[in-house]
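Participant: Quick one, what's the 3D model for this:
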Amino acid sequence: MAVKRATEFEALTVLHTLWKSNNLATSEVKRLLKEEFDLELVVLANGSITAESTDKQQKFTINQ
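Facilitator: Purely as a prediction, here's the structure:
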């Protein structure tokens, strides 16, 4: 059985957690979002992460 691909929200949660714990650099968060989900990082702060599609049609925000 194959592993299901993470949703954008799941990916944002994991990337934010890794970034916040200093296990992932901001540049890596940007790269992974672009390569895997075609999203651009908009906000990366201690309490939130926001990314949007390159066409600006979809926006994803997680507040922790």
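
Participant: quick one: the strands in this protein?
Facilitator: According to DSSP state E, the chain carries its strands in the segments 39-45, 48-53, 59-63.

Participant: Who are the packing partners of the longest one?
Facilitator: Strand 39-45 sits against helix 8-20, helix 26-37, strand 48-53, strand 59-63, with contacts defined as 3 or more Cβ pairs under 8 Å, 6 or more residues apart in numbering; DSSP states H and E. Every C-beta, even on glycine, is put in place using the N, C-alpha and C of the backbone.

Participant: Comparing those, which stretch has the densest surroundings?
Facilitator: Ranked by mean neighbour count, the helices and strands packed on strand 39-45 are led by strand 48-53 with a mean of 19 (mean count of other Cβ atoms under 10 Å).

Participant: Centre of the chain to that one, how far?
Facilitator: 6 Å (Cα atoms, centre = their mean, to the nearest Å).
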